[in-house]
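Colleague: Any chance you could fold what I've pasted below:
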Amino acid sequence: MFFELIATFAAGIAAAGLALIAGHLTGGRLPRWAVPVAAGAAMLGYTVWSEYTWATRTVESLPEGVDVLVTVEESKLWKPWTYLVPQTTRIMALDRSSVQTNQEAPDILLVDLYFFARWTPPAKRPQLMDCEGQARADVSEAALADPSKAAWRSADADDPLMEALCQP
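Modeller: Coordinates of the predicted model:
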């Protein structure tokens, strides 16, 4: 967040500098308000660009084997342009390299889900998946020792995690 603030200020200073140079090259015919308007427009433009490209940049930085399952797009009142083009603010990803099975319960899969949200540190959430029973559960010590003790909840057939792991 700190680096984005610095980048926003840098964009504003660069735009103000370009406006000053343009004013000098035109012999002072550029209005006095052009410099702060250019700085403000550049700062706003950089901020909007950064917000809209966050999801793409995050997905591109994921290692191979991590698949995006869900993206959440939102519109916010204080960002009126998001009503025209909603902004992706959250991502759920599956780490396929983390999929494990237990010899004692071969139908149960242990997977790592990653949750990304703008301005929030990534969160890792291990899940137990029962493809045959179409259910999923949060991992706990008791559930790892005995999957029957997990707090299972049913999952729809169109659940993104079910589709990613259980569809042949």
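
Colleague: Can you point out the helix or strand that includes the spatially closest residue to residue 156 that is not a sequence neighbour?
Modeller: Excluding its sequence neighbours, the residue lying closest to residue 156 (Cβ to Cβ, 6 or more residues apart in numbering) is residue 162, at 7.2 Å. In short, each C-beta sits where N, CA and C put it, glycine included. Residue 162 is part of helix 160-166, with elements assigned from DSSP states H and E.

Colleague: And that helix, what does it pack against?
Modeller: When contacts are defined as 3 or more Cβ pairs under 8 Å, 6 or more residues apart in numbering; DSSP states H and E, helix 160-166 packs onto strand 66-74, strand 87-102, strand 105-117, strand 120-130.

Colleague: buried ones in it?
Modeller: For helix 160-166, a neighbour-count test (16 or more other Cβ atoms under 10 Å) marks 161-162, 164-166 as buried.

Colleague: In TSV, list those along with pLDDT.
Modeller: Shown next, in TSV, are these (pLDDT from 0 to 100):
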residue	pLDDT
161	90
162	89
164	89
165	88
166	84
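
Colleague: which SS state does the residue of the chain positioned farthest from its centre fall under?
Modeller: Ranking residues of the chain by C-alpha distance from their mean position (Cα atoms, centre = their mean) puts residue 27 at the top, at 46.9 Å. Recorded secondary structure, residue 27: coil (DSSP: H, G, I helix; E, B strand; the rest coil).
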